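Asker: Sequence and predicted structure, then a few things I'm wondering about:
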Amino acid sequence: MEEESSSWFIPKVLVLSVILSLVIVKGMSLLWWRPRKIEEHFSKQGIRGPPYHFFIGNVKELVGMMLKASSHPMPFSHNILPRVLSFYHHWRKIYGATFLVWFGPTFRLTVADPDLIREIFSKSEFYEKNEAHPLVKQLEGDGLLSLKGEKWAHHRKIISPTFHMENLKLLVPVVLKSVTDMVDKWSDKLSENGEVEVDVYEWFQILTEDVISRTAFGSSYEDGRAVFRLQAQQMLLCAEAFQKVFIPGYRFFPTRGNLKSWKLDKEIRKSLLKLIERRRQNAIDGEGEECKEPAAKDLLGLMIQAKNVTVQDIVEECKSFFFAGKQTTSNLLTWTTILLSMHPEWQAKARDEVLRVCGSRDVPTKDHVVKLKTLSMILNESLRLYPPIVATIRRAKSDVKLGGYKIPCGTELLIPIIAVHHDQAIWGNDVNEFNPARFADGVPRAAKHPVGFIPFGLGVRTCIGQNLAILQAKLTLAVMIQRFTFHLAPTYQHAPTVLMLLYPQHGAPITFRRLTNHED
Ligand code: HEM
């Protein structure tokens, strides 16, 4: 009997030790041997970078640099690259603009040469979007932002009509309604001397949430807003988890945060199902009725009508929309307001134009918007100096040649958009100056290279919402400029920082003063 059990025991131990050895060999290969090979492969081509450290790569130095840079505010200057992407700025000085950096055992090649960037964006058959961090994925949803292949193409085709200029023009009155509601609230807070201090970073987020809700849900706006509110709560939970140490599989543990998030997920799904049903019913009830005003096409309506789209697809696209459209646009508005506060001469130029085109009391119309050229130049210069998305990543789908470099399959290419926008070779000696006049002859003539300006990305995966963002920004700024002059509040601290997007670390307190010709 004893003999029998020990004869079982030996093979078991053997199998276990073989498995363990295999795991160790695989682990060592991934964490030690492969990084050496990759470093060697690139070093033969003249590409170097900070040396790989076992398991953590360069994360420790990288996080250390970023934390140090954001530990105190900076002077009122637009030379923000050293603060915002300190690791890139630091290692570029040592290794040149194209270098290898390790995010744990994942390696990324930085690419800031505009010719190479054009090649990456134009050859989407060789380069795909990389897999986002699981928590970011939870935030951004499995929608347009992250989908790939046929499903991405199908969704992009369905959703595109929402963003055609003709459709967006139909949204102008509702956007204006949200904007005027906001500035009316500021007016109500004016002190006796006609001034009010507001943190525009907070206010613009509420505004853009409102506009995104209308674009996404159209006539179901009220119910849709409630869904977005639930999503916002879920995002907060994700953001909290993001700041904790990352444990693989953590999101599957029944922690308090995860339980809350799963409950929210259920509620979101339930609310959306109800919303879709009501919308379908309204469409049936309304068939044959004469429509007085043409209604703008919205994400929900288009997706409900489309073939091969499930409720889960709609849930994921809503997440994607909310994530991609809300804070990007509110950050553009925030940085532009800060810039116009720092540069009163440009604020005055913008005001002259707005008053000339729209008058001092009338709200801007869709026809006015195209005539606001100075405002367009200001927005472009704001997007150049303070791009809300500071970098993007692509992944080589197979072994591929990029310029003269041999890029192995799986290499992640990090494109530091903000570094391209702050490159003296592309923008000239005044690269760090706020000079909207450089865009006077249009975007293609502003820089020495056509790929020098890429705030919305490039190629097939370019931002689908850019027209909406610019339209909303122009309308908001036009109304603000018409009613108030503004400057930085004494408590403002200049501290551009990245947490997924470029945002003002200590908020954006701005003092608004009512314009004398706009006293109601
Ligand atoms: C100032 C505002 C905005 C900026 C700076 C911005 C920037 C970008 C950039 C750089 C990309 C490309 C990312 C990449 O190639 O990896 C992108 C993609 C995208 N953006 Fe925007 N965006 C803005 C506003 C919006 C708005 C308002 C929406 C929607 C309501 C939106 C929806 C999207 C979507 C869905 C994608 C993915 C497109 C695809 O892959 O097919 N964005 N955005």
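Answerer: Received, thanks. If you're wondering where the values come from, they're calculated on a predicted model, not measured in any experiment. Residues are numbered from 1 along each chain as shown.
Asker: For the rest of this, base every contact and every neighbour count on C-alpha atoms.
Answerer: Fine.
Asker: Close to the ligand: what parts of the stretch 51-200 of the chain are there?
Answerer: Contact residues of the stretch 51-200 of the chain with respect to the ligand, defined by CA under 6 Å from any ligand atom, are listed as Leu144, Leu145, Arg156.
Asker: Repeat the analysis, applying 5 Å as the threshold.
Answerer: Contacts of the stretch 51-200 of the chain with the ligand, taken as CA under 5 Å from any ligand atom, map to Leu144, Leu145.
Asker: Over to the stretch 401-520 of the chain?
Answerer: Taking CA under 5 Å from any ligand atom as the criterion, the stretch 401-520 of the chain approaches the ligand at residues Phe456, Gly457, Arg461, Thr462, Cys463, Ile464, Gly465, Ala469.
Asker: measure stretch 89-109 end to end?
Answerer: 14 Å (CA to CA, to the nearest Å).
Asker: distance between it and the chain's centre?
Answerer: Distance, stretch centre to chain centre, for stretch 89-109: 22 Å (CA atoms, centre = their mean, to the nearest Å).
Asker: got the buried residues for it?
Answerer: By 16 or more other CA atoms under 10 Å, the buried positions in stretch 89-109 come out as 89, 91, 97-102, 104-109.
Asker: Sitting in strands, which of these do you find?
Answerer: Counted as lying in strands by DSSP state E, out of the buried residues of stretch 89-109, are Leu100, Val101, Trp102, Thr106, Phe107, Arg108, Leu109.
Asker: Please look at the first one and Ile47 and confirm they touch.
Answerer: Pointing back at Leu100 there. Yes: contact status for Leu100 versus Ile47: in contact at 7.0 Å, counting by CA atoms under 8 Å.
Asker: what bits of the stretch 401-520 of the chain have low per-residue confidence?
Answerer: When residues are selected by pLDDT under 70, those of the stretch 401-520 of the chain lie in 517-520.
Asker: The same query, at a cut-off of 90, please.
Answerer: The stretch 401-520 of the chain contains residues with pLDDT under 90 at 499-500, 516-520.
Asker: Kindly report the same for the stretch 151-300 of the chain.
Answerer: The stretch 151-300 of the chain contains residues with pLDDT under 90 at 162-163, 165-167, 169-171, 174, 209-210, 212-262, 264-300.
Asker: ranges for the helices of the stretch 1-150 of the chain?
Answerer: Assigned by DSSP state H, counting those that start in this stretch, the stretch 1-150 of the chain shows helices spanning 2-28, 34-43, 59-69, 81-84, 86-95, 114-122, 134-140, 149-159.
Asker: ranges for the strands of the stretch 351-500 of the chain?
Answerer: 392-396, 400-402, 405-407, 412-415, 484-488, 496-499 (DSSP state E, counting those that start in this stretch).
Asker: would you list these in CSV and tack on mean neighbour count and distance to Tyr386?
Answerer: Putting those into CSV (neighbours: other CA atoms under 10 Å; distance: least, CA to CA, whole Å) gives the following:
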stretch, mean neighbour count, distance to Tyr386
strand 392-396, 19, 15
strand 400-402, 14, 28
strand 405-407, 15, 31
strand 412-415, 24, 16
strand 484-488, 21, 17
strand 496-499, 18, 8
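Asker: Of the ones you listed, which is nearest Leu139?
Answerer: Using CA to CA as the criterion, the shortest distance between Leu139 and the strands of the stretch 351-500 of the chain is 13.3 Å, found for strand 496-499.
Asker: That closest one packs against which elements?
Answerer: Packed against strand 496-499, as judged by 3 or more CA pairs under 8 Å, 6 or more residues apart in numbering; DSSP states H and E, are the following elements: helix 81-84, strand 501-504.
Asker: what's near enough to touch Asp298?
Answerer: For Asp298, the contacting residues are Thr162, Arg214, Thr215, Ala216, Phe217, Gly218, by CA atoms under 8 Å, 6 or more residues apart in numbering.
Asker: quick one: which two of the residues of the stretch 401-520 of the chain next to the ligand are the most distant?
Answerer: Arg461 and Ala469, at 16.4 Å, using CA to CA across those.
Asker: For the two, indicate the residue with more neighbours.
Answerer: Here Arg461 and Ala469 are set side by side on neighbour count (other CA atoms under 10 Å), and the busier one is Ala469, at 21 against 18.
Asker: mind checking the backbone torsions on the nearest residue to the more buried one once chain neighbours are set aside?
Answerer: Beyond its immediate neighbours in the sequence, the residue positioned closest to Ala469 (CA to CA, 6 or more residues apart in numbering) is Thr329, lying 5.6 Å away. Summarising the backbone geometry of Thr329 under the convention degrees, to the nearest 10, its torsions are phi -70, psi -40.
Asker: what's the neighbour count on whatever residue of the stretch 51-200 of the chain ends up closest to the ligand?
Answerer: Proximity to the ligand, evaluated over the stretch 51-200 of the chain using CA to the nearest ligand atom, is greatest for Leu145 at 3.9 Å. Under the neighbour criterion other CA under 10 Å, Leu145 is assigned a count of 21.
Asker: isn't it right next to Cys318, touching?
Answerer: No: the pair Leu145 / Cys318 is not scored as a contact, 11.1 Å apart, by CA under 8 Å.
Asker: didn't Gln482 look like it was pressed against Arg351?
Answerer: Yes: assessed by CA under 8 Å, Gln482 is found in contact with Arg351 at 6.6 Å.
Asker: quick one, what contacts Met182?
Answerer: Neighbour list for Met182: Trp203, Leu207 [criterion: CA under 8 Å, 6+ apart].
Asker: Please report the distance of Ser382 from Arg361.
Answerer: Computed as CA to CA, the Ser382 to Arg361 distance reads 27 Å.
Asker: Comparing these two, which residue is more hemmed in?
Answerer: Ser382 (25 against 14).
Asker: Now that the more buried one has come up, it's in contact with Thr337, right?
Answerer: No: proximity of Ser382 to Thr337 does not meet the contact threshold set by CA under 8 Å, at 9.3 Å.
Asker: Quick one: the helices in the stretch 201-350 of the chain, in order.
Answerer: Under DSSP H, counting those that start in this stretch, the stretch 201-350 of the chain gives helices at 221-242, 256-286, 299-305, 311-342, 344-358.
Asker: Between those, which one is closest to the ligand.
Answerer: Each of these was scored for nearness to the ligand using CA to the nearest ligand atom, and the closest is helix 311-342 (3.4 Å).
Asker: Can you list the buried residues in the closest one?
Answerer: Neighbour-count burial for helix 311-342, counted by 16+ other CA under 10 Å, picks out 313-342.
Asker: ok, and which of those reach the ligand?
Answerer: Filtering the buried residues of helix 311-342 for proximity to the ligand by CA under 5 Å from any ligand atom leaves Ala324, Gly325, Thr328, Thr329.
Asker: Pick the one among the residues you listed closest to Lys401.
Answerer: Nearest to Lys401 among these, with distances taken as CA to CA, is Ala324, at 31.3 Å.
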